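A.B. asks: this one's structure only:
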C-alpha cells in the first residue's frame, strides 16, 4: 500500500485497490475460496510475471497440469433423437484443479469455452460439447398386449425398443444410449427386462435407478442397431395410470 513519508497510507491508492475486488468476474470464473471447497491448494509458478496495473483482468500462465481426455457421445432418443458430444476429463496429476473456464480445441481449432467444476486428484468430470450432427440416431417402439396365467389372470404388456445409430465421422466413436424402465408402485405388478442394457454404476452421473444404458462402438462410416425392452405384468382388469403404452 503506498504511503507518505509519515508512514500513512494513501486513501486514493486504497480505493483503487478495493475497486479491483468489485470487478465482475470473467465468464465461468469462480472465486478460489469458493471453488476450493474445504481444502487449501498451492500452485507454484514456473517464473515471476508482471501484471499491468490497469484495473482489468489478465490471464497469467502459472503452470501446466496433465489430465486425461476421452471423447464420448450420449443420446436419450426417447426424449430427443440427437447425439451430444462430451469430453471425459480425468485429473491424473498430483494436485487439484480449481473451478473455472476451460477452452476446448479440436485439431488446433477453437471449439468453445465452458465452465469446469473443481476436480480433485483422480477425479473425473464430463464436459458437454453440444450436438454432434455427424452421428444420427433413430428410435422405434412397439407394444404387444396379451394375457397369461391361469384363466388369463394377468395382462402382459410387451414393450420393445429398437435404436439405430449411424456414424458419419471419419473415426470410430463410443456412444452411450440412455433409456428408462418403469418402476412398479404395487407388489402385484412385475417388470421383466430383456438383456442387453445395464443399470448405471456411477452415482456421480446423477442418473435415476430406473435408467438403463447401452454403450456401443460405432465404426467410422458404420452403423449399429440395439434391441431391448421390458414386459409389464399386471393383474387382469387393471390398467396403468396414463395408459398401457410407455414411450
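C.D. replies: Yes, it's here. Since the model is a prediction, treat every value here as computed from it, not as a measurement.

A.B. asks: now the helix or strand hosting residue 156: buried residues?
C.D. replies: Using DSSP states H and E, residue 156 sits within strand 154-167. Along strand 154-167, these residues count as buried under the neighbour rule (16 or more other CB atoms under 10 Å): 154, 155, 156, 157, 158, 159, 161, 163, 165, 167. Glycine gets a C-beta too; all of them are placed from N, C-alpha and C.

A.B. asks: secondary structure element holding the residue lying closest to residue 163 once chain neighbours are set aside?
C.D. replies: Closest residue in space to residue 163, ignoring its immediate chain neighbours: residue 226 at 4.4 Å, by CB to CB, 6 or more residues apart in numbering. Using DSSP H and E, residue 226 maps to strand 223-235.

A.B. asks: go on, residue 126?
C.D. replies: Per DSSP H and E, residue 126 falls inside strand 124-131.

A.B. asks: list the buried ones in that strand?
C.D. replies: Here strand 124-131 shows 125, 127, 129 as buried, counting by 16+ other CB under 10 Å.

A.B. asks: again with stretch 175-192
C.D. replies: Across stretch 175-192, burial judged by 16+ other CB under 10 Å covers 175, 176, 177, 178, 179, 180, 181, 189.

A.B. asks: again with stretch 83-94
C.D. replies: Using 16+ other CB under 10 Å as the test for burial, stretch 83-94 gives 83, 84, 85, 86, 87, 89, 91, 93.

A.B. asks: centre of the chain to that stretch, how far?
C.D. replies: 9 Å (CA atoms, centre = their mean, to the nearest Å).

A.B. asks: which stretches of the chain form strands?
C.D. replies: For the chain, the strands defined by DSSP state E occupy 68-76, 80-90, 100-106, 109-116, 124-131, 135-148, 154-167, 173-180, 190-193, 211-218, 223-235.

A.B. asks: what is the first one packed up against?
C.D. replies: I take that to be strand 68-76. In terms of contacts (3 or more CB pairs under 8 Å, 6 or more residues apart in numbering; DSSP states H and E), strand 68-76 is packed against strand 80-90, strand 173-180.
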